[in-house]
Structure formats: C-alpha cells, structure tokens
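>>> can't give you the sequence, but here's the structure:
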C-alpha cells in the first residue's frame, strides 16, 4: 500500500495550500463524551488505542468536526481534490501525529499569508484528536471497488427487511464484517471506517437499524464513486 512520506506531504502543503477559509468561522465540536486529554498538547493520538467505545465515539465526532471545518480545503470524506494534501495518507503513528497536531494547533503561514488557520485554541485538543481518528480510518482509494456489487445487493436486502421482509440478519452481519475487515486504510491504521463497517454496526445488537444501514450503504457507495 502506497503512503506519502511526511516530508512529501509537507512539500505538497507548501506548494498547494491556498487561502480558502476566508471569513468562514470555525464550527464548534461537541467532545463532551470523550475522555479528557489534559491541557498540554500531546504528540500521539490518545484515542487510537483507548478502547473500542472511545475509538468509535472519536470517529463519529471527528467525522462531524472534519466535515464542518476541514472538508472545504481537504475534501469531503478526506478525499482531496488537489487543493490541499490528501490527509488519508498521513501515517497513523506518532510521526504522522506530530505533523498533524502542529498544523492543527498552530496553522500554516507562507510568505505572510495564512494558508491554514490555527484551530488549536478555537476547537481544542479533544476535537483535534477526534478529527485525526476519523481521518486515519478513511479507506484507501478503490478499497471497496470489488465488493461494491455485493454491497448494493445487501443494501437492497436491508431495505426490504426494513419494510418487513424476512432476512437472515446474522448472515448479513457476518458478510458485512468480512468485507469491512478486508478494507485497507490509506494511513496504515488497522481498521477502516468503511461503509461496510458502519452498516454492520447499525444492524448489530437487539434492535437492528435496517433502514439506517441501507441508507449508509447508499450514501457511502455513491460518495465513493
């Protein structure tokens, strides 16, 4: 799997960042459910290995925080259009974390022009690491291409089950889990926050959300193409 070296990301940033934020005010990120991380800025993502519940919460919060504050430059779903670095390929380890958190906290200025605003004081450290967790779990390009036809069939089955049709929830859950486990991230993180992963989570448990899982597959697969 190809991942851009940190130095290369830095060069791309210097060459391609533009003053795109303008007068857009940063949107607050509700991080109350996440564990505190202290006042001093860390150099490694504290939510990466904090347990599954915290990790999932960080992804959900980071998803919202990223798409409200970062997607305008870095692309929806962290898929860059070339205006700014594609952060999916920033290594999910301390070396990549250090680069990320410095940019997030302090921003980036070139020749006296703000290319990226400083989000540190505006959004806080918990929001920074939640967004980082979301970014590093994004699937690599084309990671779901082979599975897409079957996922669309599963989507249709889930829609039918949401309408009252019979179906084997356990079998569909196992299949979605199998697809999710095979999806690679761009960052090298071991688990991808893919549409298969999200759909599986929605139908797991005593009250499966078939409609929500079908919608997640519809939206996610459409965005991927």
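Good, I have the coordinates. Remember, it's a predicted structure, so these values are computed and weren't measured experimentally.

>>> Read off the pLDDT value for residue 17.
What the model reports as pLDDT for residue 17 is 37.

>>> Give me the domain ranges for this protein.
Domain ranges of the chain: 6-136, 148-224, per automatic domain parsing.

>>> Identify whichever of those domains lies nearest to residue 142.
Minimum separation from residue 142 across the domains of the chain (Cβ to Cβ) falls at domain 148-224, 8.6 Å. C-beta here means a position set from N, CA and C on the backbone, and glycine is covered the same way.

>>> Tell me which residues touch residue 173, please.
When the contact criterion is Cβ atoms under 8 Å, 6 or more residues apart in numbering, the partners of residue 173 are 200, 203, 204.

>>> The chain: strands as residue ranges?
The residue ranges that make up the strands of the chain, judged by DSSP state E, are 108-110, 113-116.

>>> most residues in a single helix of this structure, which one?
Longest helix of the chain, by residue count under DSSP state H: helix 52-69.

>>> Show residues contacting it.
Outside helix 52-69, the residues within contact range by Cβ under 8 Å, 6+ apart are 26-27, 29-31, 33-35, 47-50, 74, 76, 78, 119, 123, 127, 129-135, 137, 193, 201.

>>> Give the closest residue to the residue positioned nearest the centre of the chain in space, chain neighbours not counted.
Central residue of the chain (Cα atoms, centre = their mean): residue 134, 3.0 Å from the mean position. Here the nearest residue to residue 134 in space, its sequence neighbours aside, is residue 62; by Cβ to Cβ, 6 or more residues apart in numbering that works out to 3.0 Å.

>>> Need the pLDDT of the one you found.
For residue 62, the model assigns a pLDDT of 97.

>>> re earlier: just send the strands of the chain back as TSV, with distance to residue 187, mean pLDDT and mean neighbour count too.
Below are these laid out as TSV (distance: least, Cβ to Cβ, whole Å; pLDDT from 0 to 100; neighbours: other Cβ atoms under 10 Å):
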stretch	distance to residue 187	mean pLDDT	mean neighbour count
strand 108-110	20	85	15
strand 113-116	19	82	16
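
>>> Show me the one of those that comes nearest residue 180.
Within the strands of the chain, the stretch nearest residue 180 is strand 113-116; the backing value is 32.2 Å (Cβ to Cβ).

>>> for the closest residue to residue 172 other than its chain neighbours, what are its contacts?
Sequence neighbours aside, residue 154 is the residue nearest to residue 172 in space, at 5.9 Å (criterion: Cβ to Cβ, 6+ apart). Contacts for residue 154 (Cβ under 8 Å, 6+ apart) come out as 172, 175, 176, 199, 217.

>>> Adding distance to residue 142, write the domains of the chain out as a markdown table.
Conversion of the domains of the chain to a markdown table gives the following (distance: least, Cβ to Cβ, whole Å):
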| stretch | distance to residue 142 |
| --- | --- |
| domain 6-136 | 11 |
| domain 148-224 | 9 |
